[in-house]
Each structure stands twice: as C-alpha cells, then as structure tokens.
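Student: Quick check, what structure comes out for this input:
(one chain, ligands or ions: 1)
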Amino acid sequence: MVRMTEAVDLHAVLKTFDDLWSPRIAARINDYDVRVTKVAGSYIWHVHDTTDEFFLVLDGELSIAVRDPDERVVTLSPGCVFVVPRGVEHRPYSDGGASIVVIEPTGIPTTGDRHDPLPDHIQTHTGLPV
Ligand code: NI
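Tutor: Model (predicted):
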C-alpha cells in the first residue's frame with residue numbers, strides 16, 4: 001500500500017460501497033489493516049486461532065456473541081470498542097445495521113481459521129482496497 005499522505009474520512013469511504021460484511025482497507029499500521037465494514041443481520045460463528053480482533057462501532061449498534069467458554073453477548077454502540085481474544089469463537093450481528101472498524105493483521109481472512117457453513121451473503125476475503 002502507498003504511504004498515507006492525506007487524512008482518510010471513514011464515513012466517505014463507507015459511501016463508496018453497499019455490500020455487507022465485506023471490509024475495505026482504509027489504512028495500514030505496521031502489519032495491521034484498519035478495515036471499515038457495513039454490517040446487517042448475522043455473520044457466522046468463526047474463530048481466529050492466531051490473532052485478537054479489534055472492533056469499533058462508528059454508527060448503529062453491533063452485538064458480538066462470544067463463547068469464552070459460556071456463550072454471552074457484548075453489545076457496542078457508537079464509540080465503543082471491544083477485542084475478541086484469539087481462539088474465542090464469535091458471531092457478530094446487527095439487527096438494525098451498523099458501520100464498524102475492524103483492526104487485525106494484514107492477510108487475516110474475514111471468516112477466520114474455522115467457521116460455520118457460509119450463506120450466500122458472506123464471502124471469505126482479506127479486505128478490499130478502497
Ligand atoms: Ni472475527
């Protein structure tokens with residue numbers, strides 16, 4: 001990626017696409033991507049074996065079900081952050097829709113190392129360029 005020379009407006013990036021659960025890489029810091037994503041409905045249960053995953057909500061409300069090991073739900077409103085530890089199964093969902101930032105190492109697939117069967121609206125990738 002080219003060195004960042006200007007500010008990146010995450011809300012402007014969000015206006016450039018409509019697909020859900022399909023992050024755009026808005027910035028990189030060291031070996032990490034700052035990915036911005038629109039979400040609605042439910043993602044699938046999955047787990048990242050080698051990395052923690054950072055979530056920040058920009059708009060809307062995001063819930064993250066986690067099994068650590070008992071199942072519970074963490075709910076994030078705008079301005080709230082949460083980190084899912086490596087090895088913890090999680091399932092993000094948002095009934096009303098949300099815009100979020102996810103920070104994780106470059107090249108980490110969105111669907112993790114293991115996951116439930118993928119419905120049509122969820123694809124595996126490692127973030128798309130802005
Ligand atoms: Ni994840």
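Student: and the residue nearest to Val102 when sequence neighbours are not counted, what pLDDT?
Tutor: The spatially closest residue to Val102, leaving aside those adjacent along the chain, is Arg35, at 4.6 Å (CB to CB, 6 or more residues apart in numbering). For glycine as for every other residue, the C-beta is placed from the backbone atoms N, C-alpha and C. At Arg35, the model reports a pLDDT of 97.
Student: got the buried residues for the lengthiest strand in the chain?
Tutor: Scanning the chain for the strand with the most residues, using DSSP state E, yields strand 89-105. Across strand 89-105, burial judged by 16 or more other CB atoms under 10 Å covers 89-94, 98-104.
Student: Relative to Phe55, how far out is the most centrally placed residue in the chain?
Tutor: The chain has Val102 as the residue nearest its centroid, 4.1 Å off, counting by CA atoms, centre = their mean. Val102 sits 6 Å away from Phe55, going by CB to CB, to the nearest Å.
Student: what does Gly41 give?
Tutor: Going from Gly41 to Phe55 by CB to CB gives 17 Å.
Student: Neighbour count: those two, which is higher?
Tutor: Remark: of Gly41 and Phe55, Phe55 carries more neighbours, 22 against 13, as counted by other CB atoms under 10 Å.
Student: So the more buried one sits against Leu76, correct?
Tutor: Yes: because the distance of 6.5 Å satisfies CB atoms under 8 Å, Phe55 is recorded as touching Leu76.
Student: what do these two both touch?
Tutor: Shared contacts of Phe55 and Leu76, defined by CB atoms under 8 Å, 6 or more residues apart in numbering, are found at Leu62, Ile64, Phe82.
Student: so what's the last one up against?
Tutor: Under the criterion of CB under 8 Å, 6+ apart, the neighbours of Phe82 are Phe54, Phe55, Ile64, Val74, Leu76.
Student: Great, nothing more from me.
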